[in-house]
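Trainee: Curious how this folds, go ahead:
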Amino acid sequence: MKQGVLVHDPESDRMDVRFGLEDYYGGLHCGTCMDVFVNNRWKPTRIEMDWGDKGWYLVGVPTDSLVGLRVRI
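Mentor: Numbering: from 1, shown residues only. Purely as a prediction, here's the structure:
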């Protein structure tokens, strides 16, 4: 598994994982599984899209913004 942070790609309007300065996962799709670091532990989750008010979200991870969350995939 590689570790990085969640970022938003405005061109594709998708979330992506940035591993380094020029190293990206390549765009996340609904259902993509990963671990997110919350409360000092890794928690398994998956990313989904709510076409209403929520937008992109991680299942079981209550947060207002995904940008900057540490993940491994």
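Trainee: Centroid-wise, who is the farthest residue in the chain?
Mentor: G52 (18.3 Å; C-alpha atoms, centre = their mean).
Trainee: secondary structure class for that residue?
Mentor: Following DSSP: H, G, I helix; E, B strand; the rest coil, we place G52 in the coil state.
Trainee: Give me the phi and psi angles of it.
Mentor: Here is the backbone geometry of G52 (degrees, to the nearest 10): phi -90, psi -120.
Trainee: which ones are touching it?
Mentor: Going by C-beta atoms under 8 Å, 6 or more residues apart in numbering, G52 touches no other residue. The way it works is simple: take the backbone N, C-alpha and C, and place the C-beta from them, glycine included.
Trainee: For it, give its distance to M34.
Mentor: 23 Å (C-beta to C-beta, to the nearest Å).
Trainee: try E22
Mentor: For E22 relative to M34 (C-beta to C-beta), the value is 21 Å.
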